[in-house]
Structures are given as C-alpha cells and as structure tokens.
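Enquirer: Need coordinates for the following:
(one chain, ligands or ions: 1)
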Amino acid sequence: MKVVDNIAALRAAREHMGGSVGLVPTMGALHAGHIALVKQARAENEHVVASIFVNPSQFAQNEDLSKYPRDIPRDLAMLEAAGVDVVFTPTPDLIYPPNYQTWIEVETVSQGLEGDRRPGHFRGVATVVAKLFNLVQPQRAYFGQKDAQQVAVIKRMVRDLNFPLAIRVYPTVREADGLAMSSRNVYLSAEQRTAASVIRRALVSASKAYEAGERTAEDIRVVISEVIASEAVAELDYVSIVDAETLNVVEAITERPLLVSLVVKMGSTRLLDNMLLPAHLNTLEGLTQTLGGG
Ligand code: AMP
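Expert: Now for the predicted structure:
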C-alpha cells in the first residue's frame with residue numbers, strides 16, 4: 001500500500017492504475033463502517049484509493065475540528081489489511097492553498113436536515129469531494145447511508161457537473177446493540193453509550209408503524225419521539241421525514257420511498273441515524289438507486 005501526501009505523487013500513482021478505480025473518502029478515525037466501504041470498493045474495482053482528510057471547511061465555527069479524533073498509524077494499518085492500494089493523506093494547506101477561492105454550492109438538497117443545523121457544512125463537503133474526484137478520477141466512489149443527506153448532495157453534484165463516475169451507497173454498519181458506528185461515538189460516556197441504542201430502537205418502531213399502515217408523517221414522528229423520550233439522557237434534536245429521492249418534506253405518506261432521519265443529542269455529542277422506508281430498501285442496491293434519486 002502506498003501512502004501519498006502530495007498531488008504529484010497521487011497523480012503518478014493514478015497513472016499506473018489500469019482498469020477501474022474505487023474511491024473511499026474518509027476523515028480517518030476508522031471503524032468497521034469505513035472498512036465495509038473499502039471492502040465493497042475492493043470487490044468492485046481493480047484498484048482502491050482511500051483518502052484521510054479532516055476537512056476544515058465542513059466544520060462550522062462551533063464544531064469539533066480541533067478535537068476530532070485522529071490516529072493515522074492505526075488507520076493505515078486497517079486500510080492496508082482491507083486491501084487498499086493508495087491512501088491520500090493531504091494537509092489542509094494542500095487542499096486549500098493560500099488565496100483558495102472556489103466553492104461548490106449544491107442548492108436545494110443542502111437545505112433542511114443537517115444543512116440547517118450546520119451552516120456551510122455541505123458546501124465544504126461538496127467542494128472537497130469534487131476535488132478528490134478530480135484528483136483520483138475514480139470510476140466508482142463509495143459513501144455511507146449514515147450520512148444520507150451527504151449522499152443526496154454528492155449525487156446531485158455528480159449529475160449537475162457531469163462527473164463520469166458512479167456513486168455507491170453502503171448500508172449503515174452498526175454495533176451489536178444497533179448503534180450506528182461513528183468516529184464520534186468515542187465522545188460518549190459509558191452511560192450515554194448504553195442509552196444510545198435507543199436511536200435504532202426508535203427507527204425500528206417507526207418501520208413497524210409504517211408496515212402496520214401508519215399513513216401520516218406526524219404519526220411516525222410521534223412514535224420516534226416517544227421511544228427516544230424513554231431514555232432520560234437522550235434528547236431528540238430533530239426527526240425528519242422526507243421523500244428519499246428529492247429530500248422534500250412529506251406529510252401524507254404515499255407509495256414513494258421515505259427517508260426517516262433523526263439526530264439525538266447526548267450531552268454535547270450529536271448522534272445521527274436514518275432508515276429508508278419501506279425497510280427492504282436499506283441495501284447497497286436499494287440505497288444506491290433510491291437515496292437522492294437514481
Ligand atoms: P467520515 O470519516 O465520518 O467522513 O465517513 C467516511 C465515509 O464512511 C462516509 O461516506 C460515511 O457515510 C461512511 N460511514 C460512516 N459511518 C458509517 C457506518 N456506520 N456505516 C457505513 N458507512 C459509514
């Protein structure tokens with residue numbers, strides 16, 4: 001496995017890759033969710049490139065950029081074991097040199113949900129991902145369902161800017177008790193960590209209500225609020241029910257697939273999770289086709 005920290009070396013390594021290239025962008029502090037993306041990329045491409053970059057421009061002023069967990073030696077060992085060919089580990093100065101001025105705004109799908117709570121977040125995400133696409137020129141790029149709005153933003157950008165690649169959306173990888181794996185889970189106290197399994201239980205209850213014929217978004221929101229309220233240390237930030245393709249807010253439930261997403265606060269930590277309904281869509285192919293449109 002080659003580790004490259006400059007653009008000339010990345011381009012040189014890319015030139016030697018015949019056949020398809022799969023790209024897995026990450027912010028490091030890797031866990032089994034990231035590795036599942038890498039293994040999927042490995043299975044579908046001749047070459048796999050991963051990136052580790054804690055992207056400053058996607059953190060809002062009050063967010064945890066300086067505290068964000070970092071452990072490059074451990075990350076590199078995990079990526080090598082998973083079969084990555086090249087890891088790109090740029091510094092912020094390499095990505096945003098002095099006098100950097102070019103930003104990508106994906107308009108409507110960047111609004112609502114996380115976009116409203118994290119001003120500038122998706123502008124930072126879209127910009128860095130566009131740069132990675134230009135630098136690596138992958139045939140396929142792999143993203144996780146957990147960041148569902150991110151998937152919708154990137155898919156829209158790929159269509160609007162004619163990037164010649166496919167976006168693949170991997171289902172959320174979970175701990176044994178159902179908590180979605182996240183680099184930020186290390187911030188949780190023991191008590192918060194135990195309580196955090198309530199998030200998945202709330203989503204499963206929502207899915208059951210949907211299967212039982214619940215036909216308004218408000219009823220599903222109530223089911224979720226009640227389950228979250230059963231854990232004293234969990235505070236529901238928001239629960240949102242949107243059309244899974246457009247991310248437009250939905251009130252009456254129709255045959256169209258839904259994205260149910262929520263954020264729960266545990267102290268100062270925000271835990272994000274979601275599910276597509278009907279639940280059979282929460283697979284690699286279902287998510288790839290449905291989330292943010294095909
Ligand atoms: P991050 O390092 O948090 O920016 O995540 C890098 C990629 O891994 C993103 O596409 C995430 O959506 C994805 N990812 C994060 N957590 C999980 C998870 N639990 N299961 C699957 N993919 C994930």
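Enquirer: buried residues in stretch 123-134?
Expert: By neighbour count on 16 or more other C-beta atoms under 10 Å, the buried set for stretch 123-134 is Arg123, Gly124, Val125, Ala126, Thr127, Val128, Val129, Ala130, Lys131, Leu132, Phe133. All C-beta atoms are positioned from the backbone trio N, CA, C, and that covers glycine.
Enquirer: Let me know the closest of these to Gly213.
Expert: Nearest to Gly213 among the buried residues of stretch 123-134, counting by C-beta to C-beta, is Val125 at 36.9 Å.
Enquirer: wait, what's in contact with that closest one?
Expert: Residues near Val125 by C-beta atoms under 8 Å, 6 or more residues apart in numbering: Asn55, Gln58, Gln150, Val153, Ile154.
Enquirer: Surely the third one and Arg156 touch.
Expert: No - in this structure, Gln150 sits apart from Arg156 without contact. The criterion is C-beta atoms under 8 Å, and the distance is 10.9 Å.
Enquirer: more crowded one of the two?
Expert: Gln150 (22 against 19; other C-beta atoms under 10 Å).
Enquirer: Helix or strand: which one has that one?
Expert: In this structure, Gln150 sits in helix 148-160 according to DSSP states H and E.
Enquirer: And the contacts of that helix?
Expert: Helix 148-160 is contacted from outside by 104, 106, 109-110, 112-115, 122, 125-126, 129-130, 133, 141, 143-145, 163, 165, 167, 169, 247, 259, 261, 274, 287, 291-293, using C-beta under 8 Å, 6+ apart.
Enquirer: Which ones among the residues you listed also lie next to the ligand?
Expert: Phe143, Gly144 (C-beta under 6 Å from any ligand atom).
Enquirer: List just the nearest of the buried residues of stretch 123-134 to the ligand.
Expert: Val125 (8.6 Å; C-beta to the nearest ligand atom).
Enquirer: just checking, next helix/strand downstream of the helix or strand where that closest one lies?
Expert: Secondary structure assigned from DSSP H and E places Val125 in helix 121-136. Downstream of helix 121-136, the next assigned helix or strand under DSSP H and E is strand 140-144.
Enquirer: Sheet partners, orientation included, of that next one?
Expert: strand 21-26 (parallel), strand 166-170 (parallel) (DSSP bridges).
Enquirer: Distance to Tyr68, mean neighbour count and mean pLDDT added to these, as JSON lines?
Expert: Listed next are these as JSON lines, based on distance: least, C-beta to C-beta, whole Å; neighbours: other C-beta atoms under 10 Å; pLDDT from 0 to 100:
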{"stretch": "strand 21-26", "distance to Tyr68": "12", "mean neighbour count": "26", "mean pLDDT": "99"}
{"stretch": "strand 166-170", "distance to Tyr68": "22", "mean neighbour count": "21", "mean pLDDT": "98"}
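Enquirer: what about the lowest-mean-pLDDT helix or strand in the chain, distance to the chain center?
Expert: Scoring the helices and strands of the chain by mean pLDDT, DSSP states H and E places helix 113-117 at the bottom, with a mean of 95. Its chain's C-alpha centre and that of helix 113-117 lie 14 Å apart, by C-alpha atoms, centre = their mean, to the nearest Å.
Enquirer: go on, stretch 57-67?
Expert: That offset, for stretch 57-67, works out to 17 Å (C-alpha atoms, centre = their mean).
Enquirer: quick one: contacts of it?
Expert: 54, 56, 68, 96, 118-125, 127-128, 184.
Enquirer: So which residues on the stretch 51-200 of the chain come close to the ligand?
Expert: Residues of the stretch 51-200 of the chain lying close to the ligand (C-beta under 6 Å from any ligand atom) are Phe143, Gly144, Lys146, Asp147, Tyr170, Thr172, Val173, Ala180, Met181, Ser182, Ser183.
Enquirer: between those residues, which is nearest the ligand?
Expert: When those are compared against the ligand (criterion: C-beta to the nearest ligand atom), the nearest one is Gly144, at 2.4 Å.
Enquirer: Thanks again, I'm all set now.
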